[in-house]
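In: With the input below, show me the fold.
(chains A and B)
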Amino acid sequence: MNFFARLYYRVRKSWKAIRLYLVIAGPGIVVMVADNDAGGITTYAATGAKYGYHLIWFLLILIPVAYYVQEMTVRLGAVTKRGHAEAIFDGFGAFWGWFSLIDLIILDWLTLVTEFIGMTAALGIFGVPPWLTVAAVCVLMAVIVLNGRYWTFEKLSLLFCALNLIYIPGAFLVHPSVSAILREGLIPNFAGGFDGQLFFFLMANIGTTIAPWMLFFQQSAVVDKGMLEKDIPWGRFDTLLGSIVTVVVAVFIVIVTGTVLPGIDIDSAAQAAEQLMTTDRYVGAFLAIGLFDAGLLGAICISLASSWAFGEIFGWAHSLNTKIRQAPWFYASYFFTLVTAGLVVLIPNAPLVLITLFVQVIAVTLLPAALVFLILLLNDRKTMGEHCNTPAQNLVGGFIVVSIVVLSTLYGITVMFPNLIH
Amino acid sequence: MNAIRNFFAKIGDVNRRYREPRIEMSGAVRLSLMALRVYLLALVALMVYKFVLLLTQG
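Out: Residues are numbered from 1 along each chain as shown, chains lettered A, B, ... in the order given. You can find the predicted model right below:
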């Protein structure tokens, strides 16, 4: 009897914890899965095709890297009730504030263009014309954000996050060798030796895992959701779960292309999907659907990151819990960013490849600044109180930030001067 | 015209509101911000160099 009573108590307690988590869940998972955007999918597909399973271990290392960085935004948002843009303005003054805001707006817009490139290419595989994709995406995103509730936006985004898992059944369809994955993928190794090209791929994978907009998005989402200091442990769990999911999805993409397209140079995920179509129609279709979903999720989050940042600084109402009449500038900036980025993709002969490269270079100017500000703000004991970084957190966070800054800078430089790595 | 004037007035407001950094400017903070400035200047110089290269090489 005692056993059953205890079992009943534990089940009830666990169920209560799950229900509580489902209320808090959102920003961490959404931002992490959205990080597997169109550019990210391309990078993972190219990594798998080029190096097979050999870099899976490296992707797994990125779980704690992504978690440590994003976890800091949860604490900062929950304690200060300010988005990252406002926190930078307030903490470091107008100069650094404007620098970050303008850089973020440019970078977000360019990244949004790359999401549209991915989405139009993905649906193009099914014969959908680009103008129809752009129009449908704009309408869909209007439906998602214009309902006047953050909760609805978040739960719809979580639905799209679930669709991102499509790569997992896709990987099973290509029948990879599990023993080869374990043997080649989980033991740290550099296939074919450590050369410039491998280094470029490693940097590209880091670059897609930590993007500047993610810091701004998650902190603003934590504030808009109304998370409090007592919710920080759940926010941490949410972020950890998100970072695991995002890397698991990345690993399965690597498995798909590593199994079916080994040794092939891939320029875009759409190209990988087209090639996969010739070997397995369903796997190719899965990759294309996943690419569209990734672009859509990325587009939703990136355009919101910009609009939240604008609202925070200009003092406009900037919550998804407001109707369009209550926050006209917030929604106007959201749709302006969205529609203009979509239109660029429709311009004949637009320099889309140049834009994609430019995103990586601009990201290098914003990412180090945003990360340095993050660490400094987390050490402001006056504001953060008991949630201030501990020496151990500073050590780990500092090491990760310095590593990301160095590697992303090298990545940006190699994008600008590709001959350096040959 | 009025909208543009309002927009610039708003920017002025923001500049006034955030004129002084609120965070305590300890040695570590100053050093970090200085390093960031140097880093960004170096990066901008590289970008300008690349731009000039693109122009001159067609």
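In: looking only at pLDDT, what's the mean for the host helix or strand of residue A:132?
Out: Residue A:132 belongs to helix A:130-145 when assigned by DSSP states H and E. On average, the pLDDT along helix A:130-145 is 91.
In: Show me what counts as buried in that helix.
Out: A:130, A:133-134, A:137-138, A:141, A:144-145 (16 or more other C-beta atoms under 10 Å in any protein chain shown). (C-beta placed from N, C-alpha, C; glycine too.)
In: got the contact list for it?
Out: The contact list for helix A:130-145 (C-beta atoms under 8 Å, 6 or more residues apart in numbering or on different chains) reads A:116, A:119-120, A:123-124, A:152-153, A:156-157, A:296, A:299-300, A:303-304, A:320, A:331, A:334-335, A:338-339, A:342-343, A:345-346.
In: switch to 7 Å and redo it
Out: A:116, A:119-120, A:123-124, A:153, A:156, A:296, A:299-300, A:320, A:334, A:338-339, A:342, A:345-346 (C-beta atoms under 7 Å, 6 or more residues apart in numbering or on different chains).
In: again, but for stretch A:38-48
Out: Residues lying outside stretch A:38-48 but in contact with it, judged by C-beta under 7 Å, 6+ apart, are A:55, A:114-115, A:117-119, A:201, A:204-205, A:208, A:250, A:253-258, A:266, A:268-269, A:272, A:290-291, A:294-295, A:298.
In: which of the residues you listed are buried?
Out: With burial judged by 16+ other C-beta under 10 Å, the buried subset of those is A:55, A:114-115, A:117-119, A:201, A:204-205, A:208, A:250, A:253-258, A:266, A:268-269, A:272, A:290-291, A:294-295, A:298.
In: which stretches of the stretch 201-350 of chain A form strands?
Out: Secondary structure of the stretch 201-350 of chain A by DSSP state E, counting those that start in this stretch: no strands are present.
In: if you skip the residues just before and after it, what's nearest to residue A:110?
Out: residue A:359 (4.7 Å; C-beta to C-beta, 6 or more residues apart in numbering or on different chains).
In: For that neighbour, give its distance to residue A:104.
Out: 13 Å (C-beta to C-beta, to the nearest Å).
In: neighbour count winner among the two?
Out: residue A:104 (26 against 22; other C-beta atoms under 10 Å in any protein chain shown).
In: Would you list the phi and psi of the more buried one?
Out: phi -60, psi -40 (degrees, to the nearest 10).
In: Check residue A:114 too.
Out: Taking degrees, to the nearest 10 as the convention, residue A:114 sits at phi -70, psi -30.
In: Which stretches in chain B count as helices?
Out: B:2-17, B:27-57 (DSSP state H).
In: Now render those as a markdown table, adding mean neighbour count, distance to residue A:370 and mean pLDDT.
Out: Formatted as a markdown table, those follow (neighbours: other C-beta atoms under 10 Å in any protein chain shown; distance: least, C-beta to C-beta, whole Å; pLDDT from 0 to 100):
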| stretch | mean neighbour count | distance to residue A:370 | mean pLDDT |
| --- | --- | --- | --- |
| helix B:2-17 | 11 | 19 | 86 |
| helix B:27-57 | 12 | 10 | 85 |
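In: Export these as CSV, with columns for distance to chain A.
Out: As requested, those are exported to CSV (distance: least, C-beta to the nearest C-beta, whole Å):
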stretch, distance to chain A
helix B:2-17, 5
helix B:27-57, 5
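In: Looking at those helices, spot the one closest to residue A:26.
Out: helix B:2-17 (29.5 Å; C-beta to C-beta).
In: pretty sure the residue nearest to residue A:110 is touching residue A:114, no?
Out: Yes: with contacts defined as C-beta atoms under 7 Å, residue A:359 counts as touching residue A:114 at a distance of 5.8 Å.
In: so what's residue A:277 up against?
Out: Contacts of residue A:277 by C-beta under 7 Å, 6+ apart are residue A:284.
In: State the pLDDT value of it.
Out: Reading off the confidence values, residue A:277 has pLDDT 80.
In: Kindly provide the distance from it to chain B.
Out: Between residue A:277 and chain B the distance is 36 Å, computed by C-beta to the nearest C-beta, to the nearest Å.
In: Report the buried residues of stretch A:176-195.
Out: A:176, A:181, A:184-185.
In: Send over that stretch as CSV, restricted to the C-alpha atoms.
Out: The C-alpha coordinates for stretch A:176-195 follow below in CSV (Å, rounded to 0.1, in the frame of the first residue of the first chain):
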residue,chain,number,x,y,z
PRO,A,176,22.7,4.2,-42.6
SER,A,177,25.2,1.9,-41.1
VAL,A,178,24.8,2.3,-37.3
SER,A,179,28.2,0.8,-36.6
ALA,A,180,29.9,3.2,-39.1
ILE,A,181,28.1,6.1,-37.4
LEU,A,182,29.3,5.0,-33.9
ARG,A,183,32.8,4.2,-35.2
GLU,A,184,33.4,7.2,-37.4
GLY,A,185,31.1,9.8,-35.8
LEU,A,186,31.5,9.6,-32.1
ILE,A,187,35.3,9.4,-31.8
PRO,A,188,36.9,12.7,-32.4
ASN,A,189,38.8,12.6,-35.6
PHE,A,190,39.6,14.7,-38.7
ALA,A,191,38.9,12.8,-41.8
GLY,A,192,41.7,13.2,-44.4
GLY,A,193,43.7,15.4,-42.0
PHE,A,194,43.3,18.9,-40.7
ASP,A,195,43.4,21.3,-43.6
